[in-house]
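> Take this sequence and fold it.
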Amino acid sequence: MRRREVWLCCVCWTLVTGRVLGAEAAAPPLEKAGWRLTFHDEFDRPQLNDMYWYPAYRSGRKEYFKRIGHKSRWVDHNAHYVIEDGVLKLRIDEKLPFRPDKGTPCVSCIQTSDHRFGATTREYQILDKFAQKYGWFEIRCRCPRGEGLLSAFWLHQHDPTKQEYTPEGRRKKVGDGVVEIDIIEQQGRHIGDAGSTVDLNVHFTKEAHYRPKVPIDISKEFHVWAMEWQEGQVDWYLDGKVVKTYKGPTPQEKMFVLMALFQYSGWIGQIDPKMTYPSDFEIDYVRVYARDRE
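Coordinates of the predicted model:
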């Protein structure tokens, strides 16, 4: 009798919420009460929209590093991707992005801003296609499994002089100021049948480095990750529920959107020599909103 009561309760909860724990999260409607849509891409065309995206990983920084003799980790910054059935797949294959062998670090990335330095770092051009201060940033995606893989949905400072490297090429440290918000970082080695561990960060603060475990395998189904950024606070969401809240310093200028799939050996583990290719970070959509103050 007790078992039957528990079963009935589960059925009722499912009927009310429309979801089973671990099931794929349905795409919410585009309209969001209390918010104004400022940017979105549903990837419903066969080509990447060049009005929205730069298909490369921070090429302005790559050019600058080359100038000052700072070696870049990446042989090729150009993105490798396909769009199929309304889903963008940031892809790492055996030979693309271009690299000498499968063990060489690589990245497939698209972003909404870039920059170019002039003769000095005091002379620069910001190439914004989209950047925003504060708001709601959302993605519906599926992340790949595999050691040495990292799926990322970030916000970065659009001003190149306020990013994580100084003009001399020194990487900033904790306490040097807030330059980046990680809406989600997913190490492919931290995805399992019983759950997945994600990285949520506000760089470079002392407290805002979280690694919560969620009770889903995020490589099997699509799920909705979101982040609300306001002055002095960041809230991270998974499928509409708060995962973590940070209160403290937040960026003071607008930031651009970056989505990427990385493969390298380092803090995310070692590249698996037996990895099955292609590896895809699958993105159904990305949406950004601002508070409707009117």
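> When you work out contacts or count neighbours from here on, use the C-alpha atoms and nothing else.
Will do.
> Next up, the contacts around residue 251.
Contacts for residue 251 (CA atoms under 8 Å, 6 or more residues apart in numbering) come out as 157, 178-180.
> at 7 Å what do you get?
178-179 (CA atoms under 7 Å, 6 or more residues apart in numbering).
> check which helix or strand covers it.
For residue 251, there is no enclosing helix or strand under DSSP states H and E.
> how close does residue 243 sit to residue 233?
Residue 243 sits 14 Å away from residue 233, going by CA to CA, to the nearest Å.
> ok, those two, which is more surrounded?
Using other CA atoms under 10 Å, the more surrounded residue of residue 243 and residue 233 is residue 243, with 17 against 14.
> Please enumerate residues in contact with the helix or strand where the more buried one lies?
Take DSSP H and E as the rule and residue 243 turns out to sit in strand 241-247. Contact with strand 241-247 is made by 208, 232-237, as judged by CA under 7 Å, 6+ apart.
> Give me the buried entries from the residues you listed.
Neighbour-count burial (16 or more other CA atoms under 10 Å) applied to the contacts of strand 241-247 gives 208, 234-237.
> And those, which is the shakiest by pLDDT?
The pLDDT minimum for the buried ones among the contacts of strand 241-247 sits at residue 208, where the score is 87.
> what's the spacing between that one and residue 181?
Distance of residue 208 to residue 181, computed by CA to CA: 10 Å.
> Mutual contacts of those two, please.
Residues touching both residue 208 and residue 181 (CA under 7 Å, 6+ apart) are 201-202.
> quick one: which of the contacts of strand 241-247 is nearest residue 44?
Residue 44 has its nearest neighbour among these in residue 237, at 24.8 Å by CA to CA.
> State whether the closest one is indeed within a helix.
No: per DSSP: H, G, I helix; E, B strand; the rest coil, residue 237 lies outside any helix segment and is strand.
> how much space between it and residue 271?
Noted for residue 237: a distance of 29 Å to residue 271, by CA to CA.
> Then residue 92?
Distance of residue 92 to residue 271, given as CA to CA: 12 Å.
> and the closest residue to residue 37 other than its chain neighbours, how many neighbours does it have?
Excluding its sequence neighbours, the residue lying closest to residue 37 (CA to CA, 6 or more residues apart in numbering) is residue 289, at 4.4 Å. Neighbour count of residue 289, defined by other CA under 10 Å: 21.
> and if you look at residue 66?
Counted with other CA under 10 Å, residue 66 comes out at 11.
> From what I see, residue 150 and residue 186 are in contact.
Yes: in this structure, residue 150 is within contact of residue 186 by CA atoms under 7 Å, at 5.4 Å.
> rewinding a little: out of the buried ones among the contacts of strand 241-247, which comes closest to residue 47?
Closest approach to residue 47 among these (CA to CA): residue 237, at 29.4 Å.
> Would you mind naming the residues that bridge with that closest one?
residue 226, residue 242 (DSSP bridges).
> so what's residue 170 up against?
Contacts of residue 170 (CA under 7 Å, 6+ apart): none.
> Quick check: it vs residue 202, distance?
Residue 170 sits 19 Å away from residue 202, taking CA to CA as the criterion.
> Please identify which of residue 92 and residue 271 sits among more neighbours.
Using other CA under 10 Å, the more surrounded residue of residue 92 and residue 271 is residue 92, with 25 against 19.
> In contact with the more buried one, which residues?
Contacts of residue 92 (CA under 7 Å, 6+ apart): 80, 108, 278-280.
> switch to 6 Å and redo it
278-279 (CA atoms under 6 Å, 6 or more residues apart in numbering).
> and what of residue 127?
Listed by CA under 6 Å, 6+ apart, the contact partners of residue 127 are 113-115.
> looking at this, it is in a strand?
Yes: with three-state DSSP as the criterion, residue 127 is part of a strand.
> Bridging across strands, which residues link to it?
Bridge pairing for residue 127 - DSSP bridges - gives residue 114.
> pLDDT score assigned to it?
96.
> now do residue 13
Value for residue 13, per-residue pLDDT: 31.
> now swap in residue 206 and tell me
Per-residue confidence (pLDDT) for residue 206: 82.
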